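A.B. asks: Sequence first, predicted coordinates after that:
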Amino acid sequence: MTATLSKDLIEECKTKLLSTKSEILNRVKETRKDLHNDEKGGDEADQTVRVLAESELLQMHERLRLQLVEIEQALSRIDNGTYGVCEETEEWIEAERLRAIPWTRLSIEGAEIRESLQKRYAR
């Protein structure tokens, strides 16, 4: 590892991480309100639509929860000084990639390596 990340880039990413975390928490709070405000009556079709909507909402909540975990881990890496290091190659992650996906744990090369491994072992 030759270069390091600039303090400005790390601060920029930290700001984006905290902003995204706040947005996700607000989305979760709003969707929970919507879920609890639903009426429970109706015929079978209404109940089926409601069950499907709840299922979709739960899937969205799970995706948001996983993204929150990624964000928390990225903030932890900033705190412990390992932010921006690829888990696969142990090289620095590209600045453009960190700006686009500040919670990423993989460089482009590391993501390609991991994807090819997943394809190989998925068979």
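C.D. replies: Yep, that arrived.

A.B. asks: going forward, measure contacts and count neighbours with C-alpha atoms only.
C.D. replies: Fine.

A.B. asks: And the helices in the protein, which stretches?
C.D. replies: All helices of the chain, identified by DSSP state H, fall at 7-37, 44-80, 95-100, 108-122.

A.B. asks: So for residue 89, which of those helices sits nearest?
C.D. replies: Counting by Cα to Cα, residue 89 lies closest to helix 108-122 out of those; the figure is 5.7 Å.

A.B. asks: quick one: that closest one to chain centroid distance?
C.D. replies: Centroid displacement of helix 108-122 relative to its chain, using Cα atoms, centre = their mean, to the nearest Å, is 19 Å.

A.B. asks: Which strands and helices lie in contact with that helix?
C.D. replies: Counting contacts by 3 or more Cα pairs under 8 Å, 6 or more residues apart in numbering; DSSP states H and E, helix 108-122 is packed against no other helix or strand.

A.B. asks: sorry, back to before: will you turn the helices of the chain into JSON lines that also has mean neighbour count, distance to residue 87 and mean pLDDT?
C.D. replies: What follows is the helices of the chain, written out as JSON lines (neighbours: other Cα atoms under 10 Å; distance: least, Cα to Cα, whole Å; pLDDT from 0 to 100):
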{"stretch": "helix 7-37", "mean neighbour count": "14", "distance to residue 87": "17", "mean pLDDT": "89"}
{"stretch": "helix 44-80", "mean neighbour count": "14", "distance to residue 87": "12", "mean pLDDT": "91"}
{"stretch": "helix 95-100", "mean neighbour count": "15", "distance to residue 87": "14", "mean pLDDT": "96"}
{"stretch": "helix 108-122", "mean neighbour count": "12", "distance to residue 87": "7", "mean pLDDT": "91"}
